[in-house]
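S.K.: take this sequence and fold it.
(one chain, ligands or ions: 2)
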Amino acid sequence: MAGRKVLIIYAHQEPKSLNGSLKNVAVEELGKQGCSVTVSDLYAMQFEPRATRNDIVGCLHNSEEFNYGVEAREAYKRGDLSDDLIEEQKKVQEADLLIFQFPLYWFSMPAIMKGWMDRVLVEGFAHKFPDCYSSGLLKNKLALFSFTTGGSKEMYTKGGISGDIRYILWPMQHGIMHYCGVKVLAPHICFAPEYVSEENRKEMLLVWAQRLKTLWKEEPINCSPEWYFK
Ligand SMILES: Cc1cc2nc3c(=O)[nH]c(=O)nc-3n(C[C@H](O)[C@H](O)[C@H](O)COP(=O)(O)OP(=O)(O)OC[C@H]3O[C@@H](n4cnc5c(N)ncnc54)[C@H](O)[C@@H]3O)c2cc1C
Ligand SMILES: [Zn+2]
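M.R.: Numbering: from 1, shown residues only. Ligands and ions are numbered 1, 2, ... in the order given. Here you go, the predicted structure:
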């Protein structure tokens, strides 16, 4: 929808990958709609995934015993987080929609993206207990997890060898985004792109472009345990 702001957090090393193409499709389609689209290309940025002392500029709140969560929270209050974190938080703050685009790594997101979650979603910025879930500090935003797999759709079913794909989404969608108050749109999954024909892959990109055309009319999922485990 024209005027909406979208942040794509993208984790793939290779621009020619299917993930790269899916990211390009989103940039193009949302751009056509008049959205302003920003991409955090994590590998290209050489984004630091480790949560360390380096994230805090200047003196520590407690220099005797380092506690990352406490130090990040206090540094956020003082405006003393490292520049890369301040930059990412600004992008998140401005966005109406966050799209996470990545290949599934060990039933999860790649470490570089998990590092983005660990470092950017600081207490005081994204959540502050009891301001979590429906009152999380990033409420009024939407998130969408768009990813590719090695395994087939059949493998990722309840009776399948890998179990329902929704089990994998619980930590990412509920544990991270919902915890921070973000409403979650249905995930977009391209199963096993390496093992299908070129034609099928082109179809996957078309389906994604098609979905994006009416994305702003979608209702968020009911992000509760039942959605994942019933
Ligand atoms: C460390 C690690 C852990 C993993 N863990 C898991 C796991 O737990 N579960 C699981 O299921 N999988 C797992 N995988 C597999 C991984 O999820 C898949 O390899 C990945 O999702 C495939 O996506 P890709 O973008 O990298 O594919 P690519 O190999 O980049 O893309 C597939 C093909 O699409 C082609 N392509 C790109 N653009 C277009 C276009 N516009 N039109 C047509 N074709 C195009 C590319 O050229 C390529 O030939 C793991 C992989 C690694 C490395
Ligand atoms: Zn939830």
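S.K.: burial check on residue 82, number of neighbours?
M.R.: Look at residue 82: counted by other C-beta atoms under 10 Å, it has 16 neighbours. Yep, even glycine has a C-beta here, placed from its N, CA and C like the rest.
S.K.: quick thing: my sequence starts at 3, can you match it?
M.R.: Shifting the count to begin at 3 puts that one at residue 84.
S.K.: and the residue nearest to it when sequence neighbours are not counted, how far is that from residue 70?
M.R.: Leaving aside its sequence neighbours, residue 84 sits nearest to residue 57 (C-beta to C-beta, 6 or more residues apart in numbering; 5.0 Å). As judged by C-beta to C-beta, to the nearest Å, residue 57 and residue 70 stand 8 Å apart.
S.K.: all strands of the chain, in order?
M.R.: 7-12, 38-43, 99-105, 144-150, 185-186, 190-192 (DSSP state E).
S.K.: could you dump those strands to JSON lines with mean neighbour count?
M.R.: As requested, the strands of the chain are exported to JSON lines (neighbours: other C-beta atoms under 10 Å):
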{"stretch": "strand 7-12", "mean neighbour count": "23"}
{"stretch": "strand 38-43", "mean neighbour count": "18"}
{"stretch": "strand 99-105", "mean neighbour count": "23"}
{"stretch": "strand 144-150", "mean neighbour count": "23"}
{"stretch": "strand 185-186", "mean neighbour count": "20"}
{"stretch": "strand 190-192", "mean neighbour count": "20"}
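S.K.: I'd like these laid out as CSV, including distance to ligand 2.
M.R.: Formatted as CSV, these follow (distance: least, C-beta to the ion, whole Å):
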stretch, distance to ligand 2
strand 7-12, 19
strand 38-43, 23
strand 99-105, 15
strand 144-150, 11
strand 185-186, 7
strand 190-192, 18
